[in-house]
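Participant: Model the structure of this input:
(one chain, ligands or ions: 1)
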Amino acid sequence: MAAFPSGFLWGCATSAYQIEGSPLADGAGPSIWHRFAHTPGLMRDAETGDIACDHYRRFKDDVALMKRLGMQAYRFSVSWSRILPDGTGRVNQAGVDFYSRLVDELRANGIEPFVTLYHWDMPAALDDKGGWLNRDSAEWFAEYASVLFRALDGRVTKWATLNEPWVVTDGGYLFGALAPGHRNLFETPIASRNLMRAHGAAVRAYRETGRHEIGLVVNIEPKYPASESPEDLAATRRATAYMNEQYLDPAMLGRCPPELRDVFGEAWTDWSDDDLAAVRQPIDFLGINYYTRAVTRDDPAAWPVRTATVRQDGAFYTETGWEVYPQGLVDTLVWIKQRYGDIPLYITENGVALADAPVENGRLHDPQRIEYLRQHLLALHQAIAAGVDVRGYMVWSLLDNLEWSLGFSKRFGIVHVDRQTQERTLKDSAEYYSRIIASHGRAL
Ligand SMILES: CO[C@H](O)c1c[n+]2c([nH]1)[C@H](O)[C@@H](O)[C@H](O)[C@H]2CO
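Facilitator: Residues are numbered from 1 along each chain as shown. Now for the predicted structure:
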């Protein structure tokens with residue numbers, strides 16, 4: 001196997017609410033996920049992020065684990081409400097200090113910090129003011145981002161504004177499965193627009209003082225028509241516009257996909273030229289989260305996108321019900337290059353939830369996860385060979401962690417976490433990934 005490009009960054013990814021625990025420690029304010037998780041009936045097995053992986057207290061041990069595995073980068077998110085407990089205004093220095101210590105620990109171990117500013121956990125105090133439905137949210141976010149830029153820029157050289165605005169709006173405002181748990185078609189495009197305005201405002205703020213790189217992380221699920229019928233082709237266009245183009249088109253092209261008028265109907269209002277200009281800020285990279293594809297058919301009853309995903313005979317499906325389809329990663333990366341140009345890309349999430357075997361004698365055998373990683377890294381190499389400028393790969397995830405409203409039922413980690421003892425145990429996939437990193441991909 002030919003090596004990956006020199007300078008290619010091998011790492012892993014997590015997010016604050018999913019691993020840190022101690023959500024209200026040291027002056028932190030509650031986030032919408034703390035509020036959501038403590039609302040009866042919303043979380044599987046009534047799980048919360050109160051402890052999670054106890055990373056807030058164990059971060060030095062987890063950094064040592066990353067070092068042992070040879071990680072070159074670590075993508076993590078900052079909890080906004082640790083930094084600004086009320087969302088704006090008063091800075092909680094103890095919160096800033098935690099992330100400063102984490103960054104210093106990473107750098108002392110030769111691991112590059114890759115910081116996500118927003119991975120879904122808005123301060124509850126701002127949700128009380130309308131959250132992403134309030135146009136002031138762009139200014140709130142830029143204020144929060146600027147506090148972190150001042151505190152950490154220079155030691156942090158890669159910043160991502162948002163993680164997956166599609167999930168924030170589809171899960172948090174349309175279907176209600178994620179915080180803040182709204183189910184409102186009219187709110188959804190409003191939240192989308194304000195999230196992207198916030199992205200643009202944070203990028204503009206960064207350009208005032210920042211000396212390094214800032215980008216946007218999106219989830220992409222390539223859509224393939226179930227048939228060549230006009231209905232299925234139109235459905236595939238709607239699904240592509242709704243999930244894959246809805247955020248990248250404004251950010252990269254300064255326009256919205258026209259199919260969104262059809263998807264949202266009377267809930268849709270065109271973006272103003274000022275908003276489009278404010279969102280389309282030059283960025284240094286795109287982060288792509290890839291897990292699966294969707295073979296798509298027309299389904300008039302499936303409000304509001306009116307599409308359905310067709311299960312594929314003979315395919316392997318993960319514990320989250322996702323088809324394993326590595327070719328979709330190749331197709332996604334080539335599509336990004338063709339549609340948005342040659343912007344540097346990072347695979348900021350890729351991984352799999354499996355029904356893992358138990359830990360035995362300090363080991364956990366997960367051959368299927370190894371095969372998932374191998375297939376997707378081969379696909380990644382194929383896309384790079386085809387000329388796509390991919391500069392790094394972050395496996396999701398370092399640790400088995402809180403899978404949002406699914407609780408701890410879905411294990412994505414390459415490291416097993418014992419829920420009772422918090423003991424970390426390397427899975428075989430961690431050893432495999434470590435060999436891939438050490439060989440710069442040649443061991444694939
Ligand atoms: C629908 O978006 C992606 O499939 C996606 C998958 N995932 C994500 N986005 C999120 O960024 C993580 O917080 C999840 O833990 C992770 C695993 O579910």
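Participant: From here on, just use CA atoms for contacts and neighbour counts.
Facilitator: OK.
Participant: Would you mind naming what in the stretch 101-250 of the chain lies close to the ligand?
Facilitator: N219 (CA under 6 Å from any ligand atom).
Participant: To what extent is whatever residue of the stretch 301-444 of the chain ends up closest to the ligand buried, counted in neighbours?
Facilitator: In the stretch 301-444 of the chain, the residue found nearest to the ligand is E403; the distance is 5.1 Å by CA to the nearest ligand atom. Using other CA atoms under 10 Å, E403 has 21 neighbouring residues.
Participant: mind listing what it touches?
Facilitator: Applying CA atoms under 8 Å, 6 or more residues apart in numbering to E403 gives the contacts 18, 409-411.
Participant: Let me know the closest of those residues to R211.
Facilitator: Nearest to R211 out of the contacts of E403 is Q18 (CA to CA; 29.5 Å).
Participant: quick one: the strands in the protein?
Facilitator: For the chain, the strands defined by DSSP state E cover 9-13, 73-77, 112-118, 158-163, 213-219, 223-225, 285-289, 294-298, 307-309, 345-349, 390-396, 415-417, 424-426.
Participant: And stretch 426-444, end to end?
Facilitator: With CA to CA, to the nearest Å as the measure, the ends of stretch 426-444 fall 19 Å from one another.
Participant: Apologies, that question was intended for stretch 256-268.
Facilitator: 11 Å.
Participant: thinking again about what came up before, so which of the strands of the chain is nearest D262?
Facilitator: Closest among the strands of the chain, using CA to CA: strand 307-309, at 12.5 Å.
Participant: Any idea what the residue nearest the centre of the chain is bridged to?
Facilitator: Nearest residue to the geometric centre of the chain (CA atoms, centre = their mean): N163, 4.2 Å. Using DSSP bridges, the beta-bridge partners of N163 come out as V217.
Participant: Surely it is in contact with H199?
Facilitator: No. Between N163 and H199 there is no contact under CA atoms under 8 Å: 10.3 Å.
Participant: shared neighbours of those two, which are they?
Facilitator: By CA under 8 Å, 6+ apart, the residues touching both N163 and H199 are L216.
Participant: quick one, helices of the stretch 101-250 of the chain?
Facilitator: Per DSSP state H, counting those that start in this stretch, the stretch 101-250 of the chain carries helices over the ranges 124-127, 137-152, 165-169, 187-209, 230-239, 248.
Participant: CSV for those, including mean pLDDT and mean neighbour count?
Facilitator: Converted to CSV, these look like this (pLDDT from 0 to 100; neighbours: other CA atoms under 10 Å):
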stretch, mean pLDDT, mean neighbour count
helix 124-127, 98, 20
helix 137-152, 98, 20
helix 165-169, 98, 24
helix 187-209, 98, 23
helix 230-239, 98, 21
helix 248, 98, 25
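Participant: The ones you listed: which one's closest to R280?
Facilitator: Per CA to CA, nearest to R280 of these: helix 187-209, 6.6 Å.
Participant: buried set for stretch 258-265?
Facilitator: 259-260, 263-264 (16 or more other CA atoms under 10 Å).
Participant: likewise stretch 324-334?
Facilitator: 324-330, 332-334.
Participant: What parts of the stretch 301-444 of the chain come near the ligand?
Facilitator: Checking the stretch 301-444 of the chain against the ligand by CA under 6 Å from any ligand atom, the hits are E403.
Participant: Low-confidence ranges, the stretch 301-444 of the chain, go.
Facilitator: Of all residues in the stretch 301-444 of the chain, none has pLDDT under 70.
Participant: so how many other residues sit close to M252?
Facilitator: Applying other CA under 10 Å, I find that M252 has 19 neighbouring residues.
Participant: mind listing what the spatially closest residue to G200 that is not a sequence neighbour touches?
Facilitator: Once flanking residues are discounted, G200 sits nearest to V279: 4.4 Å by CA to CA, 6 or more residues apart in numbering. The neighbours of V279, taking CA under 8 Å, 6+ apart as the test, are 196-201, 250-251, 254.
Participant: how many other residues sit next to whatever residue of the stretch 201-350 of the chain ends up closest to the ligand?
Facilitator: Among all residues of the stretch 201-350 of the chain, N219 sits closest to the ligand, at 5.1 Å; criterion: CA to the nearest ligand atom. By other CA under 10 Å, 22 other residues sit near N219.
Participant: Test my guess that it contacts L286.
Facilitator: No. Applying CA under 8 Å as the test, N219 and L286 come out as separate, 10.5 Å apart.
Participant: thinking again about what came up before, what's near enough to touch the residue of the stretch 201-350 of the chain closest to the ligand?
Facilitator: By CA under 8 Å, 6+ apart, the residues touching N219 are 164, 166, 244, 288-290.
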